[in-house]
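A.B. asks: The following comprises the amino acid sequence and a computationally predicted model.
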Amino acid sequence: MNQYRRHAGSIAQALLAACMLCTAGATSAAPAQVTPVAMQAPSGHATANAPATPFAEDPARVAVERFLLQQTAGLPGKVSVQVAPPSGGRAADCVAPDPFLPAGAAPWGRVSVGVRCGGERPWVRYMQARVSVLTDYYVAARAIGPGEPVGQADIEVRQGDLATLPRAVITDPAQLAGAVSANRIAAGSPLRTDLLRKAIAVRQGQTVTVAVEGDAFQITSEGKVLADAATGNTVQVRLRSGQVVNGLVRSGDTVVLQ
């Protein structure tokens, strides 16, 4: 036991001497630097240096993005949607968000989307978004005069954002089948449906074949066209009996009763 006490006392004296040396050295040495250690936040929480972005998880934002993608699903080209965060910071929670577009608004370009929010006191908020639709469109390869037919040799393809193009721009060359220019079109100008019309197939007073078609039969007669019309358009025809009927212009000499 005495031996144990002597050993413990030696250890205590050594520690006391080491402590006195540390104290003496501290007067001349620079204070020790403490390096902070970053604390890792639990999963699903942000650190102090990386605050949470509540807008990314905003149900209204998610609903608006999905809504705009659905609205543009039938458009030609590649669609991208960017929903702007609330201008005044985090908006009030929106329960069961139901997006809608104001009457007459197009689902591309800069759009303001209304969101009906449910709950005990339903309310409506509006969110701003930018919808880009990168698509092919067609321009005049040369100057085209009024009444000239527009064919494949008269057009060139370009690519652009549908939001920056005229609403009636041609995006499918099939839209040009049988078309003639309604006005003068400058070279390089985007082709629009309002600048084109179908070529006249039948003219007023022209005698045409009037056909009635069924599953296993066809009956034909003759009549006179009462107005100019293009292929695919509806026109009135006066039959020999004097009866006036409506028919679809199939070609330059045939009208099919509807």
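C.D. replies: Received the coordinates, thanks.
A.B. asks: list the contacts for Gly178?
C.D. replies: Residues near Gly178 by CB atoms under 8 Å, 6 or more residues apart in numbering: Lys198, Ala199, Ala230, Thr231, Gly232. For every residue, glycine as well, the C-beta is placed using N, CA and C.
A.B. asks: Please tell me how far the last one sits from Gly223.
C.D. replies: Right, Gly232. Gly232 sits 19 Å away from Gly223, going by CB to CB, to the nearest Å.
A.B. asks: Break down the stretch 151-258 of the chain into its strands, ranges please.
C.D. replies: 155-161, 179-181, 196-198, 200-202, 207-213, 218-225, 229-230, 234-239, 244-249, 254-257 (DSSP state E, counting those that start in this stretch).
A.B. asks: what is the rounded mean pLDDT of the shortest one?
C.D. replies: The reference is to strand 229-230. Taken as a whole, strand 229-230 has a mean pLDDT of 88.
A.B. asks: Now do the buried residues in the strand ranked longest in the chain.
C.D. replies: Looking across the chain with DSSP state E, the single longest strand is strand 123-140. Across strand 123-140, burial judged by 16 or more other CB atoms under 10 Å covers Arg125, Met127, Ala129, Val131, Ser132, Val133, Thr135, Tyr137, Tyr138, Val139, Ala140.
A.B. asks: how far away is the spatially closest residue to the last one that is not a sequence neighbour from Ala103?
C.D. replies: Looking back up the chat, that one is Ala140. Distance criterion CB to CB, 6 or more residues apart in numbering; nearest residue to Ala140, sequence neighbours excluded, is Ile185 at 4.7 Å. Ile185 sits at a distance of 32 Å from Ala103 (criterion: CB to CB).
A.B. asks: and these two? which has more neighbours close in?
C.D. replies: Here Ile185 and Ala103 are compared on neighbour count by other CB atoms under 10 Å; more neighbours surround Ile185, at 23 against 5.
A.B. asks: In this structure the more buried one contacts Ile144, no?
C.D. replies: Yes - look at Ile185 against Ile144 with CB atoms under 8 Å: they come within range, at 4.4 Å.
A.B. asks: Now do the residue lying closest to Val79 once chain neighbours are set aside against Asn246, distance only.
C.D. replies: Spatially, and ignoring its direct neighbours in sequence, Val79 is nearest to Thr72 (4.7 Å; CB to CB, 6+ apart). In this structure, Thr72 and Asn246 are 36 Å apart, going by CB to CB.
A.B. asks: Look at those two and report which has more neighbours.
C.D. replies: Thr72 (19 against 11).
A.B. asks: Spit out the contact partners of that one.
C.D. replies: Contact analysis of Thr72 by CB under 8 Å, 6+ apart lists Val79, Val81, Pro107, Trp108, Val131, Val133.
A.B. asks: now do 10 Å
C.D. replies: When the contact criterion is CB atoms under 10 Å, 6 or more residues apart in numbering, the partners of Thr72 are Val79, Ser80, Val81, Ala106, Pro107, Trp108, Val131, Ser132, Val133, Leu162.
A.B. asks: I figured Ala177 hits Ile170, correct?
C.D. replies: No - between Ala177 and Ile170 there is no contact under CB atoms under 10 Å: 11.3 Å.
A.B. asks: residues shared between the contacts of those two?
C.D. replies: Val150.
A.B. asks: more crowded one of those two?
C.D. replies: For the pair Ala177 and Ile170, the greater number of neighbours falls to Ile170 (23 against 13), based on other CB under 10 Å.
A.B. asks: gap between the more buried one and Pro76?
C.D. replies: Going from Ile170 to Pro76 by CB to CB gives 11 Å.
A.B. asks: Report the set of residues contacting both of these two.
C.D. replies: Asp136, Tyr137.
A.B. asks: got any ranges where the stretch 101-250 of the chain has weak pLDDT?
C.D. replies: Filtered on pLDDT under 70, the stretch 101-250 of the chain yields no residues whatsoever.
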